[in-house]
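1. Sequence isn't available, so here's the structure alone:
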């Protein structure tokens, strides 16, 4: 099975988009999960609803909202382009943004569950041993939730590899720039004689998804083993 | 060391309103479960912020609600050994032990580490994971972890409560060594008379969130307030004595307590060594005449001090025997049969094997 240059480009672009989406959504996802798991404030359920929005909305709607907000003339898009030179519309960065937004609720859920499973008494114990709040987080909380973080990252990565609706709505289908794996498969199915190409890419996407899923299972097992309280 | 604690705090319908000072090396907060001991020790640790409170250690104001002083937990340097060991599951035993060292500032010499590991007998566990340890081993590691953070004060909240009798017996000697070998003052929460009798110098009796009595262990533990706070089955008296002689042929030791000579199962302490004996009230029988032909070895002459009101059909009788106060638990029927009243002279009979000795 050999891939054409165009197909290779789509695979490489997908991997890059998914990796960037996963890494960039990690810090805000960790913060959001921490706030949702530990915070007590008015409007928490509203925040929870907003975070989960991309999970329940049709992806096309998410893509459309991104277009309105982050497009060249959108309020956020125009601000970022004018002040920082960051452009999302019709760029691979826009595909990464769409994938990050779609994978965000999955990552937050996974991390939030692992934070809620942490025995807070261990954090108290660390404090009595002289660790301030930041150190408690780094030396106790973070290691204990690490399997949850990794599982969340893998879920977000897998989601990004398969993202289609929001991506094509937001950044369209530009080969080499925004044509990710899923979009390329869709494009192949739209032209006569494209079945073979679609099949090759489909097999690759199955392999990548399975690998991600198995990795996430392994980390879930590690997490279960670690959380055996002492 | 001098510790002053004053705290008022509401938790739902329960109110803690306690104040005490202690200058003892080991201070026990003693009371039944639910009496507010743990809340009080959490207030000392800083885990619980009281509505109103003041904590002063050796003249250092740690917390003072009126002056808005509240030293955060991690800056207090109060070691805390919890009821459950709370070891970090993601670290090895060694990692747990050195955890506090990162934050204590002072670089501990490796000899200090070795000395504490040796004292607690945990040298062979260093590379294990906490989840593979037995309950007693975990608790010893937890004690070591707290000590290696070089605390100014060591708080222990029923460190033996989650363990079975055999494990308790395994750890108690380590705690006694800890008291004798380190100069770190200890606040020890417990509802067990045996533990308090063995370890504490000062006892604060807590009931319903209030201090009922406080003072020297031997004095306090024989007072009605303390007896009331004891577990009903465990209630008894504490005798201070000195080892007089050993009868190795019969595996017995004679202890002089006041004017009484008490025969106890053999102790491994040299003559002249001071010991504490705990005599549970349920192990003491009373007779109006000196009994003869009886297997119990300890028969003491004494007089009745007072009688408690009947509880569950039984009565605690306090006796004065040769300078000691002994407690006997008898049925209400026996009191009537023997016509017991304060001032009556009486014989107290204690089976030798019933004596709990506390070193």
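-> Structure received. Computed from a predicted model, the values in this text were never measured in an experiment.
2. Which parts of the longest helix anywhere in chain B count as buried, going by neighbours?
-> Using DSSP state H, we find that the single longest helix of chain B is helix B:165-181. For helix B:165-181, burial by neighbour count (16 or more other CB atoms under 10 Å in any protein chain shown) applies to B:167-168, B:170-172, B:174-175, B:178-179. For every residue, glycine as well, the C-beta is placed using N, CA and C.
3. now, which of the residues you listed sits nearest chain A?
-> Among those, residue B:167 lies closest to chain A (CB to the nearest CB), at 15.8 Å.
4. still on that earlier bit, overlap between the buried residues of helix B:165-181 and the residues near chain A?
-> Contacts with chain A within the buried residues of helix B:165-181, counted by CB under 8 Å from any CB of the partner chain: none were found.
5. any idea which of the residues you listed is closest to residue B:72?
-> Closest approach to residue B:72 among the buried residues of helix B:165-181 (CB to CB): residue B:178, at 26.3 Å.
6. The closest one is in contact with residue B:116, isn't it?
-> No. The pair residue B:178 and residue B:116 fails to qualify as a contact (CB atoms under 8 Å) at a distance of 9.1 Å.
7. Return every residue with contacts to both of these two.
-> Contact criterion CB atoms under 8 Å, 6 or more residues apart in numbering or on different chains; residues shared by residue B:178 and residue B:116: residue B:147.
8. Which parts of chain A are helices?
-> A:5-38, A:44-56, A:59-70, A:75-84, A:92-117, A:120-128, A:133-136, A:142-162, A:165-171, A:181-189, A:195-226.
9. which stretches of the chain have low pLDDT?
-> I'll assume chain A. Along chain A, the parts satisfying pLDDT under 70 run over A:1, A:223-230.
10. Correction: the question concerned chain B.
-> Counting by pLDDT under 70, chain B shows low-confidence ranges at B:105-109, B:224-225, B:227-229, B:231-233, B:352-359.
11. Would you map the helices across it?
-> For chain B, the helices defined by DSSP H cover B:37-45, B:73-76, B:93-98, B:101-104, B:110-120, B:135-148, B:165-181, B:193-199, B:217-221, B:224-229, B:332-338.
12. What are the buried residues along the fourth one?
-> By 16+ other CB under 10 Å, the buried positions in helix B:101-104 come out as B:101, B:103.
13. hmm, it touching chain A?
-> Yes. Helix B:101-104 comes into contact with chain A (CB under 8 Å from any CB), by way of B:102-104.
14. quick one: which of these is nearest chain A?
-> Closest to chain A out of those is residue B:103 (3.1 Å), distances taken as CB to the nearest CB.
15. coming back round to it: take the helices of chain A and lay them out in JSON lines including distance to chain B.
-> What follows is those, written out as JSON lines (distance: least, CB to the nearest CB, whole Å):
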{"stretch": "helix A:5-38", "distance to chain B": "17"}
{"stretch": "helix A:44-56", "distance to chain B": "23"}
{"stretch": "helix A:59-70", "distance to chain B": "37"}
{"stretch": "helix A:75-84", "distance to chain B": "39"}
{"stretch": "helix A:92-117", "distance to chain B": "12"}
{"stretch": "helix A:120-128", "distance to chain B": "4"}
{"stretch": "helix A:133-136", "distance to chain B": "7"}
{"stretch": "helix A:142-162", "distance to chain B": "4"}
{"stretch": "helix A:165-171", "distance to chain B": "37"}
{"stretch": "helix A:181-189", "distance to chain B": "37"}
{"stretch": "helix A:195-226", "distance to chain B": "6"}
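16. nearest to residue B:335, of these?
-> helix A:120-128 (47.9 Å).
17. Would you mind pulling up the elements that that closest one packs against?
-> helix A:133-136, helix B:73-76, strand B:78-81 (3 or more CB pairs under 8 Å, 6 or more residues apart in numbering or on different chains; DSSP states H and E).
18. now the last one, how far from the centre of its chain.
-> Taking the mean C-alpha point of strand B:78-81 and that of its whole chain, the gap between them comes to 17 Å (CA atoms, centre = their mean, to the nearest Å).
19. Next: the second one.
-> Averaged C-alpha coordinates place helix B:73-76 at 26 Å from its chain's average position (CA atoms, centre = their mean).
20. can you list the residues that contact that helix?
-> With CB under 8 Å, 6+ apart, helix B:73-76 has contacts from A:124, A:127-133, A:135-136, B:45-47, B:62, B:103, B:152.
21. go on, stretch B:20-34?
-> Contacts for stretch B:20-34 (CB under 8 Å, 6+ apart): B:1-5, B:37, B:40-41, B:179, B:183, B:185-191, B:195-196, B:199-207, B:211-212, B:214, B:217, B:226, B:229-231.
22. most tightly surrounded among the helices and strands packed on helix A:120-128?
-> strand B:78-81 (a mean of 27; mean count of other CB atoms under 10 Å in any protein chain shown).
23. Describe which strands it pairs with in its sheet and in which direction.
-> Strand B:78-81 has the following strand partners under DSSP bridges: strand B:153-157 (parallel).
24. Tell me how far residue B:299 lies from residue B:347.
-> Distance from residue B:299 to residue B:347, counting by CB to CB, to the nearest Å: 6 Å.
25. Overlap in contacts, those two.
-> Between them, residue B:299 and residue B:347 share these contacting residues under CB under 8 Å, 6+ apart: B:290-291.
26. Near chain A, which residues of the stretch 51-200 of chain B are found?
-> Selection of the stretch 51-200 of chain B residues close to chain A by CB under 8 Å from any CB yields B:72-80, B:82, B:84-90, B:99-100, B:102-104, B:129-131, B:133, B:138, B:145-146, B:149, B:155.
27. run the last query once more with 6 Å
-> B:73-74, B:80, B:86-87, B:89-90, B:99-100, B:103-104, B:130-131, B:149 (CB under 6 Å from any CB of the partner chain).
28. Could you single out the nearest of those residues to residue A:24?
-> The closest of those, once distances to residue A:24 are taken by CB to CB, is residue B:90, at 27.1 Å.
29. hang on, the closest one packs against residue A:141?
-> No. Using CB atoms under 6 Å, residue B:90 is not in contact with residue A:141; the gap is 10.4 Å.
30. Indicate the residue of the stretch 151-300 of chain B located nearest to chain A.
-> For the stretch 151-300 of chain B, CB to the nearest CB, closest residue to chain A: residue B:155, 7.9 Å.
31. number of nearby residues for that residue?
-> For residue B:155, the neighbour count with other CB atoms under 10 Å in any protein chain shown is 25.
32. Excluding chain neighbours, what is closest to it?
-> With sequence-adjacent residues excluded and distances taken as CB to CB, 6 or more residues apart in numbering or on different chains, residue B:155 is closest to residue B:80, at 4.7 Å.
33. show me the contacts for the one you found.
-> Contacts for residue B:80 (CB atoms under 6 Å, 6 or more residues apart in numbering or on different chains) come out as A:128, B:45, B:155.
34. The nearest residue to residue B:72 once chain neighbours are set aside: neighbouring residues, count only.
-> The shortest distance from residue B:72 to any residue other than its chain neighbours is 6.5 Å, reached at residue B:46 (CB to CB, 6+ apart). Neighbour count for residue B:46, taken as other CB under 10 Å: 22.
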